[in-house]
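*Asks:* quick check, what structure comes out for this input:
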Amino acid sequence: MKYYAHSTDNPDKSDWQGLEEHLRNVASLASGFAGAFGASDWGKAAGLLHDAGKASQEFIWRLEGKPRRVNHSIFGARLGRDEGGRLGQMLSYIIAGHHGGLPDGGMQEGQLHYRLRHERIPADVAILPSVT
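*Replies:* Below is the predicted model:
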């Protein structure tokens, strides 16, 4: 299945941005920015994971204009936390906050640890090869 990061008004999707291309581009930029303080690998990981949750049919429907609410960042934040070793929790903050700013870390609703545990992820979300 072809997944997308961004859409246009074009219904044939020929000019929509593919998700894997978007993830690679952002990973390259983030790696360069983070390289300034010796963390290019972490920047790359954040870039690859930040929109990983867009790899679902629900997100495609949202881009097509259907009324869907898809939290695309929490999937990548969970992957970062679970696979990122000692600094994975920090990576999850970056990913979860890439649109709305860094979240508070508590267990109350809306805070990162609560969101990581309770927010819904589409059942069909795929882990793309570029993310692994």
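*Asks:* kindly export the helix or strand hosting residue 24 (C-alpha atoms) in CSV.
*Replies:* Using DSSP states H and E, the element containing residue 24 is helix 19-35. The C-alpha coordinates for helix 19-35 follow below in CSV (Å, rounded to 0.1, in the frame of the first residue of the first chain):
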residue,chain,number,x,y,z
LEU,A,19,5.3,9.1,3.4
GLU,A,20,8.7,7.4,3.1
GLU,A,21,10.1,10.3,1.0
HIS,A,22,8.9,12.7,3.7
LEU,A,23,10.4,10.7,6.5
ARG,A,24,13.7,10.4,4.8
ASN,A,25,13.8,14.1,4.0
VAL,A,26,12.9,15.1,7.6
ALA,A,27,15.4,12.6,9.0
SER,A,28,18.2,14.1,6.8
LEU,A,29,17.3,17.7,8.0
ALA,A,30,17.0,16.7,11.6
SER,A,31,20.2,14.8,11.5
GLY,A,32,22.0,17.8,10.2
PHE,A,33,20.5,20.2,12.8
ALA,A,34,21.2,17.8,15.7
GLY,A,35,24.8,17.2,14.4
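*Asks:* could you pull out the helices in the chain for me?
*Replies:* Along the chain, counting by DSSP state H, helices occupy 19-35, 40-49, 57-63, 73-83, 88-96, 112-118.
*Asks:* show me where the protein dips below the pLDDT cut-off.
*Replies:* Applying pLDDT under 70 to the chain flags the ranges 132.
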